[in-house]
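Colleague: Let me see the structure of the following:
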Amino acid sequence: MVKNAKIKVTKNGPYIVAGGIPLLRMVIESDSYGDPLRWRIVQRYPLRENYSLCRCGKSKNRPYCDGAHIKQRFNGNETANNELYLKNVKEYIGPELKLTDKPELCVGAAFCVRDAGIWNLTVNSDMPGFKEMAIEEAANCPSGRLVVWDSEGKPIETDYEFSIVISEHEDGSPGPLWVRGGIEIESSDGSIYEKRNRVTLCNCGVSRNKPLCDASHFDK
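Modeller: Numbering: from 1, shown residues only. All right, here's what the predicted structure looks like:
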């Protein structure tokens with residue numbers, strides 16, 4: 001586990017990453033039907049103790065910041081309300097699992113649509129293989145929109161070590177920054193966002209829920 005790991009959101013500027021957090025590039029691979037199936041690592045960046053990641057989407061040295069936000073007069077105002085995940089989630093109850101869903105966190109990775117869809121998989125989780133598929137699909141949801149819970153009310157989460165993923169779709173289109181393992185994310189005003197195992201940050205500059213991704217990159 002990386003010690004003293006932290007991401008600082010700077011005012012109208014980049015994400016300042018501290019603590020030697022590994023940086024990866026990963027691509028979403030699809031199954032024979034074209035539905036997202038799994039993540040594949042395609043690049044590991046040189047390990048650095050500290051680095052700055054582009055937040056405006058205009059750096060010519062992406063994923064790193066090159067100061068383009070200054071020339072672009074980037075408006076990086078943070079509009080995310082920092083509401084706790086479990087507040088106002090939708091719940092789907094099945095015989096083996098419970099699913100919580102916060103649609104406003106969706107970033108369009110679409111792992112949830114495979115097979116019968118995670119909602120049907122959950123409510124029918126006593127069917128052969130459905131429980132396992134639901135757990136897998138939730139774990140691949142980068143934003144943490146979807147969380148499955150066991151019969152004892154405990155979240156079923158992959159034990160991700162601290163890392164930041166530059167995400168991409170199979171067609172080459174870019175996705176958000178996938179922050180894994182419960183890394184502390186500090187707002188430009190010094191407040192701390194809820195620590196979660198899976199979080200996605202905007203790196204294209206157009207999210208209406210900064211610093212979180214809201215899938216606006218599909219509209220660019």
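
Colleague: drop to CA atoms for contacts and neighbour counts, all remaining ones
Modeller: OK.

Colleague: max-length helix in the protein?
Modeller: helix 130-140 (DSSP state H).

Colleague: mean confidence for the helix or strand following that one?
Modeller: Note on helix 130-140: by DSSP states H and E, the next helix or strand toward the C-terminus is strand 146-149. The average of the pLDDT scores along strand 146-149 is 98.

Colleague: same check, this time on stretch 12-32
Modeller: Per-residue scores along stretch 12-32 average to 97.

Colleague: which of the residues in it are buried?
Modeller: 12-30 (16 or more other Cα atoms under 10 Å).

Colleague: now W119, what's its secondary structure?
Modeller: Each residue gets one of three states, and W119 gets helix by DSSP: H, G, I helix; E, B strand; the rest coil.

Colleague: Could you pick out which of the buried residues of stretch 12-32 are located in strands?
Modeller: Members of the buried residues of stretch 12-32 lying in strands (criterion: DSSP state E): 15-18, 23-30.

Colleague: Turn those residues into CSV, including distance to G172.
Modeller: Output for these, formatted as CSV (distance: Cα to Cα, whole Å):
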residue, distance to G172
Y15, 23
I16, 26
V17, 25
A18, 28
L23, 18
L24, 16
R25, 12
M26, 11
V27, 8
I28, 10
E29, 11
S30, 13
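
Colleague: tell me the two of the residues you listed that are most distant?
Modeller: A18 and S30 (33.2 Å; Cα to Cα).

Colleague: Show me the helices in the protein, by range?
Modeller: Under DSSP H, the chain gives helices at 68-72, 118-123, 130-140.

Colleague: what packs against the second one?
Modeller: Translated: helix 118-123. strand 90-93, strand 98-101, helix 130-140 (3 or more Cα pairs under 8 Å, 6 or more residues apart in numbering; DSSP states H and E).

Colleague: thinking in terms of the whole chain, how far from its middle is it?
Modeller: Its chain's C-alpha centre and that of helix 118-123 lie 21 Å apart, by Cα atoms, centre = their mean, to the nearest Å.

Colleague: pull the CA atoms of it into PDB?
Modeller: Written as PDB, here are the backbone C-alpha positions of helix 118-123 (Å, rounded to 0.1, in the frame of the first residue of the first chain):
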ATOM      1  CA  ILE A 118     -26.800  -6.100 -13.300                       C
ATOM      2  CA  TRP A 119     -30.200  -5.100 -12.000                       C
ATOM      3  CA  ASN A 120     -31.900  -8.300 -13.200                       C
ATOM      4  CA  LEU A 121     -28.800 -10.300 -12.200                       C
ATOM      5  CA  THR A 122     -29.200  -9.000  -8.600                       C
ATOM      6  CA  VAL A 123     -33.000  -9.500  -8.200                       C
END
